[in-house]
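1. what follows is a predicted protein model with its sequence.
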Amino acid sequence: AQSVTQLGSHVSVSEGALVLLRCNYSSSVPPYLFWYVQYPNQGLQLLLKYTTGATLVKGINGFEAEFKKSETSFHLTKPSAHMSDAAEYFCAVTNSNSNSGYALNFGKGTSLLVTP
Amino acid sequence: NAGVTQTPKFRVLKTGQSMTLLCAQDMNHEYMYWYRQDPGMGLRLIHYSVGEGTTAKGEVPDGYNVSRLKKQNFLLGLESAAPSQTSVYFCATRQGLGEQYFGPGTRLTVT
């Protein structure tokens, strides 16, 4: 079975500062990894995904994440935080051996607060 | 294209009442999922379907039933609602190993 752990349920950064949201995964086979963002009272929107190929993936709104197999990590970063980045962020994993229809296993989420 | 839609958006039930949540998609995706989201718990899989006429249990299926009579619709039923089922319910679809597309959610309160 695969799972993800998001370190830090709440992260606070100043506007313009680096955003770093941490995600570590557990999977017995090569994982497919995703970051989703959820704005208040809305559904989930895909930020970026890693399936195969290049380990540094770029997503929407200036976010990127790097798949590091040796560290079993898929941390999300953005060089300069915007007030509009304040939201809940979820890391999720699945893999090609999934026995649940490739359903995603989600982390518990990290709430990002951006202060002026 | 509407994508993934959910009906209703909000609902308040009394303990013991029943209801059905409807998820509809116009993307012709094979896979459909129902998740529930609770504070500090992330999203947890309730049931899923890999195609028309098929359903399977996820991580937290107790108290819920589902049906997928048509490819575009995935229904989630609560036979006898309990306060523990107060949650936000999300439907999602997927094609192959691609990303999942989420509906806007249904906020359910059981009193």
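-> Cool, got the structure. Numbering: from 1, shown residues only, chains lettered A, B, ... in the order given.
2. flag every residue of chain B that's near chain A.
-> B:31, B:33, B:35, B:40-45, B:48-50, B:56, B:58, B:90, B:92, B:94, B:97, B:99-100, B:102-105 (CB under 8 Å from any CB of the partner chain). Placement of C-beta: from N, CA and C, glycine included.
3. what sits closest to residue 78 if chain neighbours are left out?
-> Chain wasn't specified; assuming chain A. Closest residue to residue A:78 apart from its sequence neighbours, by CB to CB, 6 or more residues apart in numbering or on different chains: residue A:19 at 4.1 Å.
4. wrong chain, I was asking about chain B
-> Per CB to CB, 6+ apart, closest to residue B:78 is residue B:19, 5.5 Å.
5. phi, psi of that neighbour?
-> phi -160, psi 160 (degrees, to the nearest 10).
6. equivalent analysis for residue B:84, please.
-> Dihedral pair for residue B:84: phi -70, psi -10, per degrees, to the nearest 10.
7. now swap in residue A:111 and tell me
-> phi -90, psi 120.
8. repeat that for residue A:84.
-> Main-chain torsions, residue A:84, degrees, to the nearest 10: phi -70, psi -10.
9. that one and residue B:80, how far apart?
-> 42 Å (CB to CB, to the nearest Å).
10. how about the residue nearest the centre of chain B, secondary structure?
-> Per CA atoms, centre = their mean, the C-alpha nearest to the average position across chain B is that of residue B:34, at 3.2 Å. Per DSSP: H, G, I helix; E, B strand; the rest coil, the local secondary structure of residue B:34 is strand.
11. so what's it up against?
-> B:21, B:23, B:45-48, B:58, B:64, B:66, B:74, B:76, B:89-91 (CB atoms under 8 Å, 6 or more residues apart in numbering or on different chains).
12. what's the closest non-adjacent residue to it?
-> The shortest distance from residue B:34 to any residue other than its chain neighbours is 4.4 Å, reached at residue B:46 (CB to CB, 6+ apart).
13. again with residue A:62
-> Closest residue in space to residue A:62, ignoring its immediate chain neighbours: residue A:78 at 5.2 Å, by CB to CB, 6+ apart.
14. correct me if wrong: the one you found contacts residue A:84.
-> No. Counting by CB atoms under 8 Å, residue A:84 is not a contact partner of residue A:78; they are 11.3 Å apart.
15. compare the two (neighbour count), which wins?
-> Taking neighbours as other CB atoms under 10 Å in any protein chain shown, residue A:78 and residue A:84 compare with residue A:78 leading, 21 against 10.
16. and residue A:14, what does it touch?
-> For residue A:14, the contact set (CB under 8 Å, 6+ apart) comprises A:81, A:114-116.
17. which one of these sits in the busiest neighbourhood?
-> For the contacts of residue A:14, counting by other CB under 10 Å, the largest number of neighbours falls to residue A:81: 22 neighbours.
18. quick check: that one touching residue A:13?
-> Yes. Counting by CB under 8 Å, residue A:13 is a contact partner of residue A:81 at 4.8 Å.
19. who touches both of the two?
-> Going by CB under 8 Å, 6+ apart, residues that sit against residue A:81 and also against residue A:13 are A:19, A:112, A:114.
20. quick one: stretch A:51-62 to chain centroid distance?
-> A distance of 11 Å separates the centroid of the chain from that of stretch A:51-62, by CA atoms, centre = their mean, to the nearest Å.
21. hang on, isn't residue A:39 packed against residue A:111?
-> No. Using CB under 8 Å, residue A:39 is not in contact with residue A:111, being 11.5 Å away.
22. more neighbours: the two, which one.
-> residue A:111 (16 against 13).
23. ok, the more buried one - contacts?
-> Applying CB under 8 Å, 6+ apart to residue A:111 gives the contacts A:9-11, A:87-89.
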